[in-house]
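Visitor: sequence? don't have it. structure:
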């Protein structure tokens, strides 16, 4: 009979469960809305890192439902049949491969040749494949298309290699970069050969162009400011600094002063659109302006004349920009010609071809590694993504759980890594869970800070506080120090939640009593009394304040005693059944709201919101029931030893019986003749 996906109640919601790995095909056709989760951050999954990298090929940091579907389809296409997916060993038999296509046959031949296997019954382990990948990628060639200096042995080839990287401002050479360099070199040499250098109608062309290129941007800026003033003279005030609004300037910082002066206008703008070259010039550009005036034989420069000079120098400027500013051309004509005629380019191209061939080999090896990893880890991943079966299975650690936080003599196993505790807390408050945020401290001083959040699902929080230290053990058994940095209170257990209002009231009363019984307060009162005695030297009087207080206190005690006696006399005529009934009714009336409130609060606990705050996208509501809560937070049991607790129980029973007999002697509840 053909197997199908089954539905189970997990965390209070119906979720599809893959009972056997061969049913992965059904997951592909499952509507994403029926998945327990549709996205998960990679950092929150404690499983094989290479397996995660194959699920997240784009290195986006999260795994989405479509990427899981692609991975499952890859498995179904790679193996001969769906039954082959039931093999969970970290090994692959050649007879399991799908060889019905040309691609499959070619892959089989590659595997046999690479590992010297003779028949289809041969097996390959994950360790063998990983070792082969490490061997091929540990040399100077990585198979990634990026060539580094380590892969170039010939000195002449290395010179060309370094020149190309200098021109391109890159760290490694690629085939595209080499082709671009060749094209740019040919283009520059062809341009230089067929382009004549323009002539300038000035005596010293070098001096004229040097001054022109140094002042070009500042000249354009100056005349644009002049146009602004010419439109409206009021704009001239924009260039006058208010002494009270001068921007701050560090006078002991030469670089800051230099930048400030460079930013100042070339000269103060005017509505005449004219620049006097002999006065009023920014001192930072004084020498360049002097050279410009000498080269063009000018004492003043109008805007029209400036436009004429720019138009006249444009061809020369374009030529100089190309001849001196072209990155490839800077290497010089002779060097470029030698490179194009020499063997260095072919040598680099051959090295890149070897890297490309290695890339093909590594791609096939990684495909083999991917097949083994996905087949081994995908069923476990499905039980933590398509459904949350592992998370709700007692005595089983889910890959969602980062590890175990040991603190206050307990294990907190519902732990997630978080990047930003404050951000997680903002969203996790809606989960109605009790949580502690911890900072993890590694022995490696260079390691970056790491944070985690743990949910307290049973017990109390009496001994937990910010600053408390513990230890965190990840799923690899690595220990780290942990310190509580934040705390979110919430319902933990039925009894804790029900008695919380009474505990708060008790704490308030205790604090009040502590304040009243404070030794400091008593000492202050004694000091005040001593001062009063010293300042008031009067004789004793029955009507003084102390005597009145004593008298009032005596009257109050007598009244209280009379009230108690009256109550006892009245209770003589009431049966003990009525007394107990009234007592029970009062307790029920007081406790009923607390019980209902506790049940509602515990029911609202939602693990889905706890996960979503850490970056998950969860479709289902995940309740936290008491059975699973006890597995997330627990206290290890001590070895059983002979206990004498029964003595205390017998003693308590004797006290209760004695008390009942004493009360019966007065009220005659049970027996009129019973005496002690």
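Guide: Alright, I've got the coordinates. Note that the structure is a prediction, hence the values are computed from the model and not measured.

Visitor: who's in contact with residue 194?
Guide: Not one residue lies near residue 194 by Cβ atoms under 8 Å, 6 or more residues apart in numbering. For the C-beta atoms, the positions are set from N, CA and C on the backbone; glycine is no exception.

Visitor: do you know how far it is from residue 325?
Guide: Using Cβ to Cβ, to the nearest Å, one gets 19 Å for the distance from residue 194 to residue 325.

Visitor: and residue 301, what are its bridge partners?
Guide: Going by DSSP bridges, residue 301 is paired in beta bridges with residue 275.

Visitor: tell me the pLDDT at it?
Guide: Residue-level confidence at residue 301 comes out at 93, pLDDT.

Visitor: ditto for the one 3 residues further on
Guide: In this model, residue 304 is scored at 93, pLDDT.

Visitor: repeat for the one 10 residues further on
Guide: According to the prediction, residue 314 has pLDDT 92.

Visitor: pull the number of nearby residues for it.
Guide: Burial of residue 314, expressed as a neighbour count using other Cβ atoms under 10 Å, amounts to 11.

Visitor: domain map for this protein?
Guide: According to the domain assignment given by automatic domain parsing, the chain is divided into the following structural domains: 1-173+364-399, 205-331, 403-491.

Visitor: in a strand, residue 294, correct?
Guide: No - going by DSSP: H, G, I helix; E, B strand; the rest coil, the assignment for residue 294 is helix, not a strand.

Visitor: start the count at 48, not 1, going forward
Guide: Let's use 48 as the start, then, which means that last one is residue 341.

Visitor: so what's it scoring on pLDDT?
Guide: Looking at residue 341, its pLDDT reads 91.

Visitor: ok, residue 312 touching residue 267?
Guide: No - taking Cβ atoms under 8 Å as the contact criterion, residue 312 and residue 267 are not neighbours in contact, 11.5 Å apart.

Visitor: now residue 54. Nearest residue, chain neighbours left out?
Guide: Using Cβ to Cβ, 6 or more residues apart in numbering and skipping the chain neighbours, the partner closest in space to residue 54 is residue 61 (4.9 Å).

Visitor: dihedrals phi and psi, the one you found?
Guide: Backbone torsions for residue 61, taken as degrees, to the nearest 10, come to phi -80, psi 130.

Visitor: isn't it right up against residue 52?
Guide: No - contact criterion Cβ under 8 Å: residue 61 and residue 52 do not qualify, at 11.5 Å.

Visitor: which of these two has more neighbours?
Guide: For residue 61 against residue 52, the residue with the higher neighbour count under other Cβ under 10 Å is residue 52, and the figures read 17 against 11.

Visitor: tell me the contacts of that one?
Guide: For residue 52, the contacting residues are 63-66, 70, 73-74, 77, taking Cβ under 8 Å, 6+ apart as the criterion.

Visitor: doesn't residue 463 belong to a strand?
Guide: Yes - under three-state DSSP, residue 463 falls within a strand.

Visitor: what bridges to it?
Guide: Bridge pairing for residue 463 (DSSP bridges) gives the partners residue 500.

Visitor: wait, doesn't it sit right on residue 499?
Guide: Yes - using Cβ under 8 Å, residue 463 makes contact with residue 499 at a distance of 6.5 Å.

Visitor: overlap in contacts, the two.
Guide: When contacts are counted by Cβ under 8 Å, 6+ apart, residue 463 and residue 499 have residue 449 as shared neighbours.

Visitor: just give me the residue right at the centre of the chain.
Guide: Against the mean C-alpha coordinate of the chain, by Cα atoms, centre = their mean, the closest residue is residue 466 at 2.5 Å.

Visitor: quick one: that residue from residue 143, how far?
Guide: Spatial separation of residue 466 from residue 143 under the definition Cβ to Cβ is 40 Å.

Visitor: repeat that for residue 432.
Guide: Following Cβ to Cβ, the distance that separates residue 432 from residue 143 is 25 Å.

Visitor: ok but residue 452 is inside a helix, no?
Guide: No - residue assignment for residue 452, taken from three-state DSSP, gives strand, which places it outside any helix.

Visitor: for stretch 103-119, buried residues please.
Guide: The neighbour-count check on stretch 103-119 (16 or more other Cβ atoms under 10 Å) flags 103, 109-112, 114-116, 118-119 as buried.

Visitor: same deal with stretch 457-470?
Guide: Those buried within stretch 457-470 under the rule 16+ other Cβ under 10 Å are 457-465, 468.

Visitor: first to last residue in that stretch, what's the distance?
Guide: End-to-end distance for stretch 457-470, by Cα to Cα, to the nearest Å: 27 Å.

Visitor: what residues does residue 327 make contact with?
Guide: Residue 327 touches 314-315, counting by Cβ under 8 Å, 6+ apart.

Visitor: again, 10 Å this time
Guide: Residue 327 makes contact with 313-315, 317 under the criterion Cβ atoms under 10 Å, 6 or more residues apart in numbering.

Visitor: residue 218 now?
Guide: Contacts for residue 218 were tallied using Cβ under 10 Å, 6+ apart; they are 193, 195-196, 212.

Visitor: so which of the contacts of residue 327 are in helices?
Guide: Counted as lying in helices by DSSP state H, out of these, is not a single one.

Visitor: most neighbours among those residues, which one is it?
Guide: The member of those surrounded by the most neighbours (other Cβ under 10 Å) is residue 313, with 22 neighbours in all.

Visitor: would a markdown table of the buried residues of stretch 457-470 with distance to residue 158 be doable?
Guide: Putting the buried residues of stretch 457-470 into a markdown table (distance: Cβ to Cβ, whole Å) gives the following:
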| residue | distance to residue 158 |
| --- | --- |
| 457 | 50 |
| 458 | 45 |
| 459 | 46 |
| 460 | 41 |
| 461 | 43 |
| 462 | 41 |
| 463 | 39 |
| 464 | 37 |
| 465 | 42 |
| 468 | 47 |
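
Visitor: next helix or strand past the helix or strand hosting residue 159?
Guide: Taking DSSP states H and E as the criterion, residue 159 maps to helix 149-162. Heading C-terminal from helix 149-162, the first helix or strand you meet, by DSSP H and E, is strand 170-172.
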